[in-house]
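Visitor: let's see this in three dimensions:
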Amino acid sequence: MLKALAQDLSSGEGADLLRAARRAYTLAFAVLAVPGLPLGALYLLTRPTPTPPAGLLGLGAVALLLACAALYLARRAARDPLLPPRRTALSAAMQAGTAPAVPFLIGCATFSQPVVTAGLWALAAVLYALAWRLIAGWMRPAGQ
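Guide: The predicted model follows:
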């Protein structure tokens, strides 16, 4: 994946830069989210008590708030006029990887409540797809 990312970056074409940004986005998400799986499993072994409904709403609200903040910051990074287009595209894409990773990781902490985990992971999937689409809009032509 890293070799393909480097090839797309070196080409300089718009479509290749978009592909590189999306690969960087996927990689950033994976780096953040994958460690949550074994950690969630280890936490499940402690037999945690179920989180009350108010706590679950709080977890969902925090996940959504932090994900929106990550997308906002990624959008700001994409508009940074001081960096060349390649760097802004990659920086924004990697920052956007945080948005779906937040609800995914919180979902890993709720393995003892599978319905809650599924809901948080569904939110993560929606945010992943949203950020995937937003990355194309964040791209700047090389002349800017």
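
Visitor: next, Pro48: secondary structure please.
Guide: Recorded secondary structure, Pro48: coil (DSSP: H, G, I helix; E, B strand; the rest coil).

Visitor: burial count for it?
Guide: 13 (other Cβ atoms under 10 Å). Glycine gets a C-beta too; all of them are placed from N, C-alpha and C.

Visitor: per-residue pLDDT, it?
Guide: At Pro48, the model reports a pLDDT of 94.

Visitor: that one: what's it in contact with?
Guide: Ser112 (Cβ atoms under 8 Å, 6 or more residues apart in numbering).

Visitor: now it: phi and psi?
Guide: phi -70, psi 150 (degrees, to the nearest 10).

Visitor: now do the buried residues in stretch 73-89.
Guide: Within stretch 73-89, the residues scored as buried using 16 or more other Cβ atoms under 10 Å are 74-75, 77-78, 83, 85-86, 88-89.

Visitor: only C-alpha atoms, please: export that stretch in CSV.
Guide: Extracted in CSV, the C-alpha atoms of stretch 73-89 (Å, rounded to 0.1, in the frame of the first residue of the first chain):
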residue,chain,number,x,y,z
LEU,A,73,-9.8,20.5,11.3
ALA,A,74,-9.1,18.4,8.2
ARG,A,75,-11.1,20.8,6.1
ARG,A,76,-9.0,23.7,7.5
ALA,A,77,-5.8,21.8,6.7
ALA,A,78,-7.0,21.3,3.2
ARG,A,79,-7.4,25.1,2.8
ASP,A,80,-3.9,26.0,4.1
PRO,A,81,-2.5,28.4,1.5
LEU,A,82,1.1,28.1,2.8
LEU,A,83,1.5,24.4,1.9
PRO,A,84,1.8,22.9,-1.6
PRO,A,85,-1.3,21.1,-2.8
ARG,A,86,0.3,17.6,-2.3
ARG,A,87,1.0,18.3,1.3
THR,A,88,-2.4,19.8,2.1
ALA,A,89,-4.2,16.9,0.4
